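>>> predicted model, plus sequence, below.
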Amino acid sequence: METSQSEHAASLEIIPPEVIEIIAATLSVEDLVACCGVSHRIRDVFGGDNLWKRYCDPELAEYLTTTPCKVNPPFVSPETEDSTLSPIGSWRLAFMRENHLWNNWRQGKYKKEELKEQKLYGFKNSPITHQFITNDIVLSPSAGVLEIFDLKEFPFKEVIQPIPLPVKASSLEWQINIMDNNVVAIFSSNVQVYDLDYTTGLHSLKYTFFFEESEKLNIKEVTELEREFETRNIIPLFRGFRIVEGKFFVGVLLRESILHVWNLEKGIKLKVEDCPTILITDSVEGSGTNNLIMSIRRLDTDSTTFVAYSLTDLAYLPFKVKKNGLYKFVIHKEHIGIYCHNSIEVYDYLTSMLLISYPTNHMQLENLTMNPQFIGDNLLFVSNTILKLFDPVTKCVHSYLTGVKWFTVISKKFVHAITHDGVLNRCEINPKNLFLFKIRALPLGKDFPFTVFGTLGSCRNQASTRCFIQLSGMGSILHFW
């Protein structure tokens, strides 16, 4: 019997690698793990990097490799110095790290650490909140200043000297954005770009401008900007829209209906562009790919028009959709979901192609957590109280959970949904295989911090390893790795 098993293993070793890949493609991850546990030789065959890389997120794999795990029990490599087994491939090890992270999410395991008590002048319980600059660094608004902390060690280290804001105003008047290694602070029509130097811990006012003007100001100090505000008698009331998309800034004063486009890296104005119609802007969103979608609400005709603008080409795209009534939208990369209370349509706005038109039949438009949300490149929405997912690549709709009255995306793979029976469900979506869907019912009250994810005052980093939540004015970091 021993001989036949050895011969069988040996026969696998002589199979060409491309054939092994074909065999492995028909197996689930669980099957591959089982194969690696059969014998030393079969582990060598099915433990190759070329087989495991497809199951990993390259950026996440690199980050987890160099980041210590804070949550107990921490990830421990199964390899030991005295092991007689051949080394585990780097991509299989990367998969193990990712699986450890997702297991912490599945089981609700995290480590909670408090940010220092914030003096939230004008910021408490308001739209301006913490933002992750990197996976490990968070921006924290405080009393008239912006503070920046490194979260790798506790107590958290302030890595940049506090950035003073030129005016203490309610956060309803401030808009804060992150652009690479810069903080963009916007008040009324004034835009400030601050450069961050983590080596020295210093910041500098790189550029500042009033977006309706043609040139940036010759100001490099916040105290000078304060005096400029006083001279101009800048008031906090602002009507129009302001958005940062990549390295670009776009602003519109409602009374003018003109797009003002700036390059934030160079501090130069690129273009002044007429809006396509009298502008009563309901919403403007960036795609993450240097494109903007504008929804233009016309009360006189009771219509909503959607147009797209390319910041790369500095021109409107051909895409234009007009709907009768009030419609809203959600955007991700090249896809836009346009929806009202009883239907949703998904377009590729680069080609103007309609990918799907689907009935939703619910009256939850006023409930933001029932509105469609992207998870990865796929769109989640509710139809007839059923949580569904639309895959723009295959144009397939997957049905996941019935009786849904609330849902929100809480990480790269997980969704929280409350059903009509009052049960909080943690739903796991596998981006590699959308047919695999796991649901775990959680008693409301248990894992309470999870219920605030995706709501006002909460955010997570790109890797889904850390989250910021704010409860009763106190900020906390939840570590899942």
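Received the coordinates, thanks. Numbering: from 1, shown residues only.
>>> so which residues of the stretch 101-250 of the chain form helices?
When secondary structure is read from DSSP state H, counting those that start in this stretch, the stretch 101-250 of the chain shows helices at 222-232.
>>> any weak-confidence spans in it?
117-128, 143, 169-172 (pLDDT under 70).
>>> can we see that at 90?
106-108, 114-130, 140-145, 165-175, 180-181, 230, 232-241 (pLDDT under 90).
>>> what sits against residue 184?
Under the criterion of CB atoms under 8 Å, 6 or more residues apart in numbering, the contact partners of residue 184 comprise 176-178, 191-194, 244, 249, 264. Where you see a C-beta, it was placed from the backbone N, CA and C, and this is true even at glycine.
>>> need these in a markdown table with neighbour count, can you?
Putting the contacts of residue 184 into a markdown table (neighbours: other CB atoms under 10 Å) gives the following:
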| residue | neighbour count |
| --- | --- |
| 176 | 21 |
| 177 | 19 |
| 178 | 16 |
| 191 | 25 |
| 192 | 23 |
| 193 | 24 |
| 194 | 20 |
| 244 | 22 |
| 249 | 26 |
| 264 | 22 |
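>>> among those, which are located in strands?
176-178, 191-194, 244, 249 (DSSP state E).
>>> what is the nearest of these to residue 135?
Distance to residue 135 across the ones in strands among the contacts of residue 184 (CB to CB) is lowest for residue 178, with 12.5 Å.
>>> what residues are bridge-paired with the closest one?
When assigned by DSSP bridges, residue 178 has beta-bridge partners residue 183.
>>> hmm, it is touching residue 133, no?
Yes - taking CB atoms under 8 Å as the contact criterion, residue 178 and residue 133 are neighbours in contact, 5.4 Å apart.
>>> give me the common contacts of these two.
residue 139.
>>> quick one: contacts for the closest residue to residue 372 other than its chain neighbours?
Excluding its sequence neighbours, the residue lying closest to residue 372 (CB to CB, 6 or more residues apart in numbering) is residue 381, at 4.1 Å. Residues in contact with residue 381, defined by CB under 8 Å, 6+ apart, are 337, 339, 344, 358, 360, 372-373, 387-388, 390.
>>> okay if I get those as JSON lines plus pLDDT and neighbour count?
Below are those laid out as JSON lines (pLDDT from 0 to 100; neighbours: other CB atoms under 10 Å):
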{"residue": "337", "pLDDT": "96", "neighbour count": "25"}
{"residue": "339", "pLDDT": "92", "neighbour count": "21"}
{"residue": "344", "pLDDT": "94", "neighbour count": "25"}
{"residue": "358", "pLDDT": "94", "neighbour count": "17"}
{"residue": "360", "pLDDT": "85", "neighbour count": "22"}
{"residue": "372", "pLDDT": "93", "neighbour count": "19"}
{"residue": "373", "pLDDT": "94", "neighbour count": "19"}
{"residue": "387", "pLDDT": "93", "neighbour count": "23"}
{"residue": "388", "pLDDT": "94", "neighbour count": "20"}
{"residue": "390", "pLDDT": "96", "neighbour count": "23"}
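>>> give me the low-pLDDT residue ranges for the stretch 351-481 of the chain?
Across the stretch 351-481 of the chain, the stretches falling below the confidence threshold (pLDDT under 90) are 360-371, 384-385, 405-406, 408, 410-413, 416-427, 429-459, 469-476.
>>> now the helices: where do they sit in it?
Listed in chain order (using DSSP H, counting those that start in this stretch), the stretch 351-481 of the chain turns out to have no helices.
>>> mind listing the strands for it?
Counting by DSSP state E, counting those that start in this stretch, residue ranges of the strands within the stretch 351-481 of the chain are 353-359, 373-375, 378-383, 386-391, 396-401, 404-409, 414-419, 424-429, 437-442, 444-447, 459-460, 466-471, 474-479.
>>> just send those strands back as CSV, with distance to residue 288 too.
Converted to CSV, those look like this (distance: least, CB to CB, whole Å):
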stretch, distance to residue 288
strand 353-359, 18
strand 373-375, 10
strand 378-383, 14
strand 386-391, 18
strand 396-401, 23
strand 404-409, 15
strand 414-419, 20
strand 424-429, 20
strand 437-442, 25
strand 444-447, 30
strand 459-460, 16
strand 466-471, 20
strand 474-479, 25
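>>> quick one, which of those strands is nearest to residue 269?
strand 459-460 (30.9 Å).
>>> list the neighbouring strands of that closest one plus their orientation.
Strand 459-460 pairs in its sheet with strand 466-471 (antiparallel), by DSSP bridges.
>>> buried residues in the partner strand?
Using 16 or more other CB atoms under 10 Å as the burial criterion, the residues of strand 466-471 that qualify are 466-470.
>>> hmm, back to that, and the contacts of residue 381, which is closest to residue 146?
Distance ranking of those against residue 146, using CB to CB, places residue 373 first at 27.8 Å.
>>> distance of the closest one relative to residue 344?
Computed with CB to CB, to the nearest Å, the distance linking residue 373 and residue 344 is 12 Å.
>>> ok, now residue 100?
As for residue 100, its distance to residue 344 is 36 Å (criterion: CB to CB).
>>> one more: residue 295?
Here residue 295 is placed at a distance of 14 Å from residue 344 (CB to CB).
>>> one more: residue 96?
With distances defined as CB to CB, the gap from residue 96 to residue 344 amounts to 38 Å.
>>> ditto for residue 290
Taken as CB to CB, the span from residue 290 to residue 344 is 25 Å.
>>> buried residues, stretch 345-354. List them.
Across stretch 345-354, burial judged by 16+ other CB under 10 Å covers 345-347, 349-350.
>>> pick the one among those residues closest to residue 424.
residue 346 (28.0 Å).
>>> what's across from that closest one in the sheet?
Beta-bridge pairing of residue 346 under DSSP bridges involves residue 337, residue 356.
>>> mind starting the numbering at 53 from now?
In the new numbering, first residue 53, that becomes residue 398.
>>> who's in contact with it?
Going by CB under 8 Å, 6+ apart, residue 398 touches 387-390, 406-408, 410, 431, 442, 444.
>>> alright, calling it a day.
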